[in-house]
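>>> please work out how this folds:
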Amino acid sequence: MPFPASHPALDRALSERGYAEPTAVQAAVLEAESGRDLLVSAQTGSGKTVAFGLAMAPTLLGEAERFEDNAAPVALVIAPTRELALQVSKELEWLYARTGAKIATCVGGMDPRAERRVLERGAAIVVGTPGRLKDHIERDALDLSELKVVVLDEADEMLDMGFQEDLTFILDQAPVERRTLLFSATIARDIAELAKTYQRDAFRIDTVVKNASHGDIEYKAIRIAPHEIEHGVVNVLRYFESPGALVFANTRERVKHLTASLRERGFSVVGLSGELTQSLRSEALQALRDGHARVCVATDVAARGLDLPDLGLVIHAEIPVNKATLLHRSGRTGRAGKKGVSVLMVSHTRRRKVEMMLNSASIKAEWSGAPSADAIRAKDHERMLTDPILMAEADEESIAIGKELLERTSPEHVAAALIRLYREKLPPPEDVQDDERMKRAQETGRNERGQKDGPLVDFARGGDMTWFRVNIGREKNADPKWLLPLICRLGHVTKRDVGSIKIFDRETKFEITADAEAKFRAAMAQSNDEGVTIQEAVAPAPGEKSLRRWDKPQGERGGDRPDRGDKPFRKPRFDGEGSKKPWKAREDRADGDAPKKPWAARTDRADAPAEDAGGKPKWVKRTKDAPTPEGKKPWVDKPKGDKKPWQPRTDGAAAGGDRPWTGKPKPGFRKPGGKPFKGKPRG
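Prediction:
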């Protein structure tokens with residue numbers, strides 16, 4: 001349909017820019033009642049900037065063609081990131097170019113003094129990020145008293161990034177009688193509360209098609225082993241050959257690693273993360289826009305608000321944390337009616353999470369293995385034969401040189417040289433294999449144990465296993481926390497391929513599943529890690545002790561304790577009723593061995609037999625009626641308290657002598673339950 005009329009000055013700008021038909025959100029905004037607050041939910045890349053630019057015009061200009069005064073801002077646009085704010089500012093500049101509007105941009109990473117000078121000279125429209133706008137307001141550099149319109153672009157992102165307090169401060173400074181246009185990808189509870197607080201009778205516009213998230217984006221899920229994710233990213237980039245590609249990672253360190261790895265393989269790549277300065281970020285983005293770089297590796301925060309030209313491919317090298325992040329990442333492509341591809345690199349440990357995430361977002365993804373090297377070469381062959389440069393009309397100079405070449409060599413040699421030059425500029429593909437176990441589970445609905453494929457089994461230890469040994473043991477502080485990743489890295493397997501791990505003094509033995517044994521042996525034959533030797537081994541003997549008995553597979557635990565099948569062997573329980581009765585030699589262990597020092601029947605308790613059973617009984621408190629063991633003194637009543645309680649002494653025989661006692665008690669002696677004795681003895 002033709003573009004609806006909005007404002008004469010803006011209509012001319014749209015025509016010059018080539019806008020023939022409005023997007024869904026632009027048409028809905030223009031059809032809404034003029035002057036009302038708007039609460040709009042629309043996906044990224046749907047033309048929101050032009051939409052709220054058109055919606056502001058009647059309020060800002062009225063019937064006038066141009067702004068008469070730029071002294072104080074009449075419109076404020078708040079965006080979550082500096083990249084998005086700069087992008088919005090550029091869009092509004094061409095849209096309002098014929099109106100004489102001065103536009104100021106206030107974002108973090110820029111010189112605040114230069115921004116204040118621009119604000120002092122006057123600006124009709126101010127675009128900025130919450131933190132920098134709040135700073136200018138507190139320093140009296142930004143006056144909001146004349147505001148007529150406030151726009152919150154991607155409000156959900158701002159709340160997710162923790163700008164709730166800054167937004168509240170800014171909106172409280174704006175006049176009450178104003179229009180508030182709120183744009184968000186989703187209208188969650190916090191967005192609804194924000195709209196209820198700061199909007200008046202807002203008109204609700206929803207352009208998000210239910211159960212069809214990002215209809216212009218084709219989703220693909222790639223089955224990949226964890227140690228082959230980088231190779232998978234290389235092959236996906238090579239297979240699709242998009243003019244622009246965005247690769248997402250979750251941490252800054254991962255961004256650095258992926259950027260260096262792709263650059264080493266021959267890709268023109270830049271990295272974006274939060275630690276970069278604004279100048280470095282601007283250089284990286286300019287390289288992408290100019291075509292000097294084709295791939296951008298970025299974190300979620302760094303990529304918010306990016307609008308890159310010809311971005312046809314998004315790769316999730318690391319799985320997004322939730323559905324919203326998945327949609328925001330993928331929304332960088334498939335914008336403004338263009339088609340795009342979103343690829344998720346999925347290892348077996350993340351499969352269930354990805355399936356639930358896609359299901360909750362109503363996204364149908366095509367599952368497959370990573371593109372093979374043969375498939376990529378076939379694509380290269382097809383692209384080369386259909387390259388527009390072959391069909392382009394050649395100039396006279398090129399034709400003359402071509403004829404000279406054909407005089408010197410055959411057409412076949414010229415074509416071969418052309419093919420060789422074409423291939424040299426392409427990074428070589430990697431040899432990547434499909435995860436057959438994950439593929440089989442998806443096709444049959446059964447896991448590795450033949451069980452119904454419910455939640456992923458934590459550890460696949462069913463079937464035949466082969467034992468191997470590594471020359472690292474207790475003496476080198478071996479621990480499963482770092483041994484398991486070491487085994488997986490060296491053997492090109494996953495932790496689901498590793499069974500029991502038993503750590504001994506000078507070595508560690510571990511199991512590998514039969515399915516992964518061949519791949520593990522091949523990887524070990526090529527491994528050259530110094531100091532680490534892995535060889536095939538025999539299974540540990542039944543009595544051979546390892547560092548941890550709980551390393552045993554499920555179903556095999558408790559072999560040492562038939563009565564405690566889910567726990568390792570510990571001190572035997574007391575026999576019989578009650579917990580105070582003595583326990584005897586146990587005969588119920590799996591190996592049939594009794595404890596090294598069996599307890600003998602006690603003889604120094606009232607309920608124990610008088611005769612000695614041969615072992616040395618442990619001392620326990622005796623009672624008066626207990627029989628006196630052979631060689632022991634008879635029981636004497638002793639007062640409770642210290643081991644040697646102080647007793648009053650006399651100067652008679654009971655004191656142990658004829659002379660009167662004149663000495664003082666020894667230090668530390670006390671009367672039973674009383675203070676230390678200090679007085680003199682009686683004469």
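
>>> on the three-state scheme, the closest residue to residue 321 other than its chain neighbours is what?
Closest residue to residue 321 in three dimensions, ignoring its sequence neighbours and counting by CB to CB, 6 or more residues apart in numbering: residue 250, at 7.7 Å. The C-beta positions use only the backbone N, C-alpha and C, and glycine is treated the same way. Of the three states, residue 250 takes coil under DSSP: H, G, I helix; E, B strand; the rest coil.

>>> distance of residue 250 from residue 489?
According to CB to CB, to the nearest Å, residue 250 and residue 489 sit 20 Å apart.

>>> strands of the stretch 401-550 of the chain, start to end?
Listed in chain order, the strands found in the stretch 401-550 of the chain under DSSP state E, counting those that start in this stretch are 465-470, 498-503, 508-513, 534-536.

>>> what helices and strands are in contact with the third one?
It stands for strand 508-513. Secondary-structure packing of strand 508-513 (3 or more CB pairs under 8 Å, 6 or more residues apart in numbering; DSSP states H and E): strand 465-470, helix 480-491, strand 498-503.

>>> then the second one?
Using 3+ CB pairs under 8 Å, 6+ apart as the contact definition, the elements that strand 498-503 packs against are helix 480-491, strand 508-513.

>>> surely the residue nearest to residue 321 and residue 299 touch.
Yes. With contact defined as CB atoms under 8 Å, residue 250 reaches residue 299; the gap is 6.9 Å.

>>> among these two, which residue is more densely surrounded?
Shown here are residue 250 and residue 299; by other CB atoms under 10 Å, residue 299 has more neighbours (20 against 16).

>>> quick one: neighbours of the closest residue to that one other than its chain neighbours, just the number.
Of all residues not flanking residue 299 in the chain, residue 273 sits nearest, at 5.2 Å (CB to CB, 6+ apart). When neighbours are defined as other CB under 10 Å, residue 273 has 21 of them.

>>> got the domain ranges for this protein?
8-206, 217-372, 378-424, 458-551 (automatic domain parsing).

>>> any chance of those in CSV, plus distance to residue 634 and mean pLDDT?
Output for the domains of the chain, formatted as CSV (distance: least, CB to CB, whole Å; pLDDT from 0 to 100):
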stretch, distance to residue 634, mean pLDDT
domain 8-206, 79, 88
domain 217-372, 71, 86
domain 378-424, 101, 81
domain 458-551, 47, 77
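
>>> out of those domains, which gets nearest to residue 430?
domain 217-372 (3.8 Å; CB to CB).

>>> can you tell me which of the strands of the stretch 401-550 of the chain is nearest to residue 444?
strand 508-513 (17.5 Å).

>>> just checking: what are the partner strands of the closest one?
Paired with strand 508-513 in the same sheet, following DSSP bridges, are strand 465-470 (antiparallel), strand 498-503 (antiparallel).

>>> deepest-packed of those strands, please.
Comparing those by mean neighbour count (mean count of other CB atoms under 10 Å), strand 498-503 comes out on top with a mean of 21.

>>> next one: that one to chain centre, how far?
Relative to its chain's centre, strand 498-503 lies at 28 Å (CA atoms, centre = their mean, to the nearest Å).

>>> between it and helix 480-491, how many degrees?
Orientation note: strand 498-503 sits at an angle of 120 degrees relative to helix 480-491 (axes from the mean of the first three to the mean of the last three CA atoms, to 10 degrees).

>>> export only the CA atoms of strand 498-503, formatted as PDB.
Extracted C-alpha coordinates of strand 498-503, given in PDB (Å, rounded to 0.1, in the frame of the first residue of the first chain):
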ATOM      1  CA  VAL A 498      33.700 -41.200  29.700                       C
ATOM      2  CA  GLY A 499      32.600 -43.700  32.300                       C
ATOM      3  CA  SER A 500      34.100 -44.500  35.600                       C
ATOM      4  CA  ILE A 501      37.200 -42.600  36.700                       C
ATOM      5  CA  LYS A 502      39.500 -44.200  39.400                       C
ATOM      6  CA  ILE A 503      42.500 -42.300  40.700                       C
END
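
>>> so which residues of the stretch 201-350 of the chain form helices?
Ranges of helices in the stretch 201-350 of the chain, per DSSP state H, counting those that start in this stretch, are 229-240, 252-264, 278-290, 300-303, 323-330.

>>> nope, the stretch 1-150 of the chain is what I was after
Under the criterion DSSP H, counting those that start in this stretch, the stretch 1-150 of the chain contains helices at 8-17, 24-31, 48-61, 82-95, 112-121, 130-138.

>>> which of those sits most buried?
Highest mean neighbour count of the helices of the stretch 1-150 of the chain: helix 48-61, a mean of 23 (counted as mean count of other CB under 10 Å).

>>> which other residues reach that helix?
6-7, 9-10, 14, 19, 23, 25-26, 28-30, 32, 34-35, 38, 40, 42, 67, 74-75, 77, 87-88, 91-92, 95-96, 99, 101, 124, 148-149, 151, 153, 179, 181, 183 (CB atoms under 8 Å, 6 or more residues apart in numbering).

>>> same thing but at 6 Å, please
6-7, 10, 25-26, 29, 34, 42, 74-75, 88, 91-92, 95, 148-149, 151, 179, 181, 183 (CB atoms under 6 Å, 6 or more residues apart in numbering).

>>> now do stretch 276-284
With CB under 6 Å, 6+ apart, stretch 276-284 has contacts from 109, 270, 272.

>>> if I look at the last one, how far off is residue 249?
Same thing as residue 272. Counting by CB to CB - residue 272 and residue 249 are separated by 10 Å.

>>> could you do residue 520 as well?
Distance of residue 520 to residue 249, computed by CB to CB: 28 Å.

>>> just residue 68 next, same as before
To residue 249, residue 68 is 50 Å away according to CB to CB.

>>> also residue 101?
39 Å.

>>> phi, psi for the closest residue to residue 353 other than its chain neighbours please.
Using CB to CB, 6+ apart and skipping residues adjacent in sequence, the residue nearest residue 353 is residue 319, 6.5 Å away. Dihedral pair for residue 319: phi -70, psi 140, per degrees, to the nearest 10.

>>> hmm, residue 319 is touching residue 351, no?
No. Counting by CB atoms under 6 Å, residue 319 does not reach residue 351; the two are 9.8 Å apart.

>>> and for the residue nearest to residue 353, the neighbour number?
Number of residues near residue 319 (other CB under 10 Å) recorded here: 20.

>>> for the helices and strands packed on strand 508-513, which one sits closest to residue 131?
Closest to residue 131 of the helices and strands packed on strand 508-513 is helix 480-491 (CB to CB; 39.4 Å).

>>> how far off centre is that closest one?
With CA atoms, centre = their mean, you get 21 Å for helix 480-491.

>>> buried sites along that helix?
The neighbour-count check on helix 480-491 (16 or more other CB atoms under 10 Å) flags 480, 483, 486-488, 490-491 as buried.

>>> and which of those residues is nearest to residue 506?
residue 483 (14.0 Å).

>>> turn the helices and strands packed on strand 508-513 into a markdown table, columns for distance to residue 169.
Shown next, in a markdown table, are the helices and strands packed on strand 508-513 (distance: least, CB to CB, whole Å):
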| stretch | distance to residue 169 |
| --- | --- |
| strand 465-470 | 59 |
| helix 480-491 | 46 |
| strand 498-503 | 54 |
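
>>> minimum distance to residue 384: which of those has it?
Closest among those, using CB to CB: helix 480-491, at 37.1 Å.
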